[in-house]
Every structure is written in C-alpha cells, then in structure tokens.
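1. take a look and give me a structure for this.
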Amino acid sequence: MGTLLLSSYKDIYQRLEKIHSTVLELIGLHHPGSFAIEAPFFGKNVQSMLKLGRAQGVAIAAAMQHALGVTEYSPKKVKQSVTGNGNASKEQVWKMLQQVFTIEQSPKYYDASDALAVALCHHYQSRFLPGTKKAMKNWEEFLAKNEDRVVKTRPSAKK
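-> Purely as a prediction, here's the structure:
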C-alpha cells in the first residue's frame, strides 16, 4: 500500500516514465493475473484531467505489455463495492478497508487506500482467480491459495 511520490521529478515525461517503470516493476514482482484501475472522473480543471489521463495511460500500457486484462471502475462503483454507498467519503472507504483487512495504521496518503479499494472492488466484482472458473469464498481462502502473492510488512510502532 505504498505511494509513488513524483514531486522530485519536475519534467512531466520523467514522471510518466517513473509511473510506467514502477508499474512494470510491481507486475514483475507480484505476477498479477489482472489489472484494475479507477476510471478517470470528470472534473472542472481540464489540465488536471489531462495529466491524470496520461498517468493512467502509461499504467495501463505497462499492464498491456504483460498481456494483463485491464478493468476500469468508476469512483462511484469502487465506493459502492467497498462501503455500500457510492457517495462515501475517502475516510469512510478507509474505515471499511481497515475492517476488511484488519489494518491498524492509517495511510499517509489516501491515494494508497484508493488503490486498495480498487483492488477490493475488482475482487468483489470478479470473485474468480485468473485463469480458473472456481469462485473464492473470501479473502482468507484467496490468501491461503496464493501465499506467494502476499507481501508481508512490518507492524507499525504503537504510540
């Protein structure tokens, strides 16, 4: 649940290359069976929309380089899948993720929890392991059958 910080890259093309190479690296490390991403939403700032679209495009291109199926979910669909409310706040989505995954620490940036929410939404929508037709009953069953895909992190220090 990390976040890619790009503020040290002043050039937009350096940022896009960093996104692309990082997604390729993560795909190589974790060998996912599919790729899910939040679809662009329509905002008021056209320049922000253009930048977001480019960033999503290079991430999708990285997935396509590995022949991964790409699924896009609207922000409303992600919120609906995770919380039951398509108009939920980022904080409400995070609280539900904390309960589902029993995570104690809070994210430094909500971008990381947004990505986790998209992954959970994709799981709820597909309920199938890539390449099989057998539905998974829950996360515990999925994790038990995919131990090689689990990334262990150090527990946070309690205050």
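2. and the chain, what are its domains?
-> The record's domain parsing of the chain by automatic domain parsing lists 10-73, 75-146.
3. so for residue 2, which of the ones you listed sits nearest?
-> domain 75-146 (6.4 Å; C-beta to C-beta). Where C-beta positions appear, they are placed from N, C-alpha and C, glycine not excepted.
4. show me where pLDDT drops low in this structure?
-> In the predicted model of the chain, residues 1, 42-43, 127-137, 153-159 satisfy pLDDT under 70.
5. adding distance to residue 2 and mean neighbour count, write the domains of the chain out as a markdown table.
-> What follows is the domains of the chain, written out as a markdown table (distance: least, C-beta to C-beta, whole Å; neighbours: other C-beta atoms under 10 Å):
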| stretch | distance to residue 2 | mean neighbour count |
| --- | --- | --- |
| domain 10-73 | 9 | 14 |
| domain 75-146 | 6 | 15 |
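6. which residues are in contact with the helix or strand where residue 29 lies?
-> Assigning secondary structure by DSSP states H and E places residue 29 in helix 12-30. Residues outside helix 12-30 that contact it (C-beta atoms under 8 Å, 6 or more residues apart in numbering) are 4, 6, 9, 35, 51, 54-55, 58-59, 61-63, 65-66, 68, 149, 151.
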